[in-house]
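Quick one, fold the following:
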Amino acid sequence: MQPATPPLTHGPFLVDPEGGLTPLRRPALRFTWRGRGCEASFEEGRIRIAAQAGRVPSTAERAADRPGAFALLGSLPADLPAGWRLFLLPDHRVRLEALKPVAGPATATQLVGAMVGFALALDPYLDRLESAGVAGAAVGTVST
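Alright, predicted model coming up:
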C-alpha cells in the first residue's frame with residue numbers, strides 16, 4: 001500500500017492529487033470581457049465571479065441619460081439569472097456578480113468553465129446597460 005500523496009502547494013492553492021484546489025488565502029483571477037474588468041475568486045463551497053459592468057453617467061457628462069440608467073438598474077435585478085446580483089457602488093459604478101456553488105474542492109476546470117459561462121451570460125445585460133446609457137469604462141480608468 002502506497003502512502004497517501006500530500007497536497008502540493010502551488011501559488012495561493014493547495015492542490016490535491018485529483019486536482020482539487022483549496023485556497024490558502026483569497027486568491028482571484030482577473031480577466032477582461034468586452035473592456036470590463038472581471039474577477040473570479042473562491043469561497044467556501046462556491047466560486048464568485050464579478051464584472052464592473054459600467055458606470056452611471058454623471059450629471060455633468062450626460063444628464064439626459066441618468067433617468068433611463070437608474071430606471072434600468074431598478075428593474076434589472078428581477079431579470080438576472082438565479083445566483084446573480086447587481087450592485088450600484090457609491091461612485092456610481094455598476095457591478096454584476098454571480099455565485100456558483102461547487103461540490104468539494106473546486107478545480108481549475110470548474111473555475112475556467114464558470115468564468116466562460118459567466119462572460120457569455122453577461123453579454124445581454126451589458127447590451128441592456130449600454131442602451132440605457134450605462135457606459136463601460138476602459139479597464140484601469142476612473143472617471144470622477
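
tell me the SS of Leu122?
Here Leu122 is helix, with the state taken from DSSP: H, G, I helix; E, B strand; the rest coil.

okay but Arg36 is in contact with Arg30, surely?
No: taking contacts as C-beta atoms under 8 Å, Arg36 lies outside contact range of Arg30: 11.2 Å. C-beta coordinates here come from the backbone N, C-alpha and C atoms, glycine included.

If you count surrounding residues, which of those two has more?
For Arg36 versus Arg30, neighbours defined as other C-beta atoms under 10 Å are more numerous around Arg36 (22 against 10).

what sits opposite that one in the beta ladder?
On the basis of DSSP bridges, Arg36 is bridged to Trp33.

ok, for the most centrally placed residue in the chain, nearest residue in space, not its chain neighbours?
Centrality entry for the chain: nearest residue to the mean C-alpha point is Ala50, 1.3 Å, by C-alpha atoms, centre = their mean. Nearest non-adjacent residue to Ala50, counting by C-beta to C-beta, 6 or more residues apart in numbering: Glu97, 4.2 Å away.

Surely that neighbour and Arg46 touch.
No: Glu97 lies out of contact with Arg46 (C-beta under 8 Å); the separation is 11.5 Å.

for the helix or strand hosting Leu126, packing partners?
With secondary structure defined by DSSP states H and E, Leu126 is part of helix 108-131. Judged by 3 or more C-beta pairs under 8 Å, 6 or more residues apart in numbering; DSSP states H and E, helix 108-131 is in contact with strand 28-33, strand 36-43, strand 46-55, helix 66-75, strand 93-101.

what's the average pLDDT for that helix?
Averaging pLDDT along helix 108-131 gives 92.

Contacts for that helix, please.
19, 21, 29, 31, 33-34, 36, 38, 40, 42, 47, 49, 51, 53-54, 69, 72, 76, 79-81, 94, 96, 98, 100, 102, 136 (C-beta atoms under 8 Å, 6 or more residues apart in numbering).
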